[in-house]
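# model the structure of this input:
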Amino acid sequence: MSKKFSSIEEIKSYFGIDNDTVEDIRKELRKRIKEFHPDTTNGEFKSIEQQERYDNLSNAIQFLDNEGLNNSNLILSKNELTSLIKRTINHEMSLFHGQTNNEEKIQKTENQLKAIVEESVVKFQKYHLFPKITSVVIVSIISLIWLFPETATKHPVLRELIDIHHIGFTAFWLFSLMLVGSFWFILTIHENRDKTIKTSYSLDSTQNRIFRLFIGSLYSKFKGVKHEGDRRAIIFEKDWLLNFLINDYESINRNIDINVDDDWFKLKEKIKIYYETNLHNKKGVHTSANFIVPFLKRPGLLEFDFLQQLTDTIIQKLLQKRVITPVDDSSISEKYKYYID
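I've put the predicted structure just below:
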């Protein structure tokens, strides 16, 4: 009865083969089987032992052939699994790099906004530099005259214009000191307030409030509102947000009381009432009226490049958090969709 083999090690032990590779073992078995092959023996075996020897060698070779086929299938499965793992890793890495790139882009946009904020604050302070210096020079001259009256009495022009020893000149000197001190105090308040207002636009809470008021203003006018089944969406252009910041945000933010728990319907109604009952200031954030010192700039005035960078920052954050999604159409304007429910 011919022997059935179940492992390569069993074949090596049975036939006394020292080769390690399957191919070398197969070659050795084929070399041995040739002397018992029917082509060599004219189709006859000399003995039952010779036939059994031939059958055993044939079974061993068949086992190795089947083992090779199974290994090929196994290798194919491994290749497929390896390919699947690589595709999965590449996909995850692309998502990771995409997330990293978005975060880097947002960080870059925020840094640009902070740089513009600092530049705007410095520009506001420089605007007041001339009146500051002028006021100090004037009060310094008056103080020198008061402290050194002999200089004025010896001067032919000042002697005729100013009575140094009169109490009125002393009162005028004290009044100028108080006036310049008050002027500097007002300027300091203005500059600190300007810095506080402009710095607040870098905060997430302020940017979130801007976006809520923007969507609420569109909803109150039913501008860009689309119904998609049982959901409502607002499709808006990036320039709409910029125009809202230029023309509407400051006045709406100042005049409307927004609660954290206000839903879109309440917010829409508040803004709608505001539009219906208030005259809109078309100059928006560029209004420069000042009721304390008319020639001073009003704190918090935002330049166009400031507002443009603020718009870019808000849009990038909303996209990164998937609050809004881009809308593809034939328009050159950047459009986005936001679901309000």
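
# and S333, its phi and psi?
Dihedral angles of S333 (phi, psi; degrees, to the nearest 10) stand at phi -80, psi 150.

# how near is the closest residue to it other than its chain neighbours to E104?
Leaving aside its chain neighbours, S333 sits nearest to E237 (4.5 Å; criterion: Cβ to Cβ, 6 or more residues apart in numbering). The way it works is simple: take the backbone N, C-alpha and C, and place the C-beta from them, glycine included. Separation of E237 from E104 (Cβ to Cβ, to the nearest Å) stands at 26 Å.

# all strands of this protein, in order?
Secondary structure of the chain (DSSP state E): strands at 225-228, 231-237, 325-327, 335-339.

# so which residues make contact with the longest one?
Spelled out, that is strand 231-237. Under the criterion Cβ atoms under 8 Å, 6 or more residues apart in numbering, residues 214-215, 218-219, 223-227, 327, 331, 333-341 lie in contact with strand 231-237.

# got the CA coordinates for that strand in PDB?
Coordinates of each C-alpha in strand 231-237 appear next as PDB, following Å, rounded to 0.1, in the frame of the first residue of the first chain:
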ATOM      1  CA  ARG A 231     -34.000  70.800   5.300                       C
ATOM      2  CA  ARG A 232     -33.300  74.500   4.700                       C
ATOM      3  CA  ALA A 233     -30.000  75.700   3.500                       C
ATOM      4  CA  ILE A 234     -28.500  79.100   2.800                       C
ATOM      5  CA  ILE A 235     -26.200  79.400  -0.200                       C
ATOM      6  CA  PHE A 236     -24.100  82.500   0.000                       C
ATOM      7  CA  GLU A 237     -21.100  84.100  -1.700                       C
END
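
# partner strands of that strand, parallel or antiparallel?
strand 225-228 (antiparallel), strand 335-339 (antiparallel) (DSSP bridges).

# ok, which of the strands of the chain comes nearest R53?
strand 325-327 (76.4 Å; Cβ to Cβ).

# from the contact counts, what lies against that closest one?
Counting contacts by 3 or more Cβ pairs under 8 Å, 6 or more residues apart in numbering; DSSP states H and E, strand 325-327 is packed against strand 335-339.

# pLDDT of the strand it packs on, averaged?
Mean per-residue pLDDT for strand 335-339: 93.

# and it, which residues are buried?
K335, Y336, Y338 (16 or more other Cβ atoms under 10 Å).

# make a markdown table from the residues you listed and add distance to S143 to it.
Rendered in a markdown table, the data for those read as follows (distance: Cβ to Cβ, whole Å):
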| residue | distance to S143 |
| --- | --- |
| K335 | 63 |
| Y336 | 61 |
| Y338 | 62 |
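
# from these, pick the one nearest D204.
Nearest to D204 among the buried residues of strand 335-339, with distances taken as Cβ to Cβ, is Y338, at 17.1 Å.

# tell me what the closest one is bridged to.
I234.
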